[in-house]
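S.K.: Any chance you could fold what I've pasted below:
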Amino acid sequence: MELNEFTLQRIAAMEAAFDRTQLAVRMLESALDTYETVKVDIDRLTEYLETGAWREDFEADEAGLVPRDLKRGVLSEDGLYDLLADIVRVNEHLQELAQE
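M.R.: Residues are numbered from 1 along each chain as shown. Model (predicted):
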């Protein structure tokens, strides 16, 4: 059997697709492992916002009661809300992909 140029190009294209897919799967597995380890943190952050504790801390910061040298990005007005919205969007995307 002799291979023509079309066959060689097809093999090269499939090899490139294989390499891209393999890398993406490895990266996704790693990202999912990391995501799984922060699930407890996600639950804690959700509770923090929903129970009103965030609002108390935000108001304390606004009143100047939180030391300025304490990292407090979680108290930005939109940061935590946006992060939790991103999590919902990512979860929906994962569900859509799983259904395909």
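S.K.: Every contact and neighbour count from this point should use C-alpha atoms.
M.R.: Noted.
S.K.: Over to residue 77. Which of the three states is it?
M.R.: At residue 77, secondary structure determined by DSSP: H, G, I helix; E, B strand; the rest coil is coil.
S.K.: ok, for residue 76, nearest residue in space, not its chain neighbours?
M.R.: residue 58 (7.8 Å; C-alpha to C-alpha, 6 or more residues apart in numbering).
S.K.: My read is that the one you found contacts residue 75, right?
M.R.: Yes - Residue 58 is within contact range of residue 75, at 5.5 Å (criterion: C-alpha atoms under 8 Å).
S.K.: picking that back up, now do the residue nearest to residue 76, the pLDDT please.
M.R.: pLDDT recorded at residue 58 is 97.
S.K.: where does it land in three-state SS?
M.R.: Reduced to three states by three-state DSSP, residue 58 is helix.
S.K.: Make 12 the first number, not 1, from now on.
M.R.: Shifting the count to begin at 12 puts that one at residue 69.
S.K.: Helices along the chain, start to end?
M.R.: Using DSSP state H, the helices of the chain run over residues 16-48, 50-61, 64-73, 90-110.
S.K.: quick one on the thing from earlier: quick one: the residue nearest to residue 87 from residue 38, how far?
M.R.: Counting by C-alpha to C-alpha, to the nearest Å, the gap from residue 69 to residue 38 is 36 Å.
S.K.: Compare these two (neighbour count), which wins?
M.R.: Neighbour totals were compared for residue 69 and residue 38, and residue 69 leads with 19 against 12 (other C-alpha atoms under 10 Å).
S.K.: Now do the domain split for the protein, please.
M.R.: 12-41, 49-110 (automatic domain parsing).
S.K.: give me the low-pLDDT residue ranges for this structure?
M.R.: Within the chain, the set of residues satisfying pLDDT under 70 is empty.
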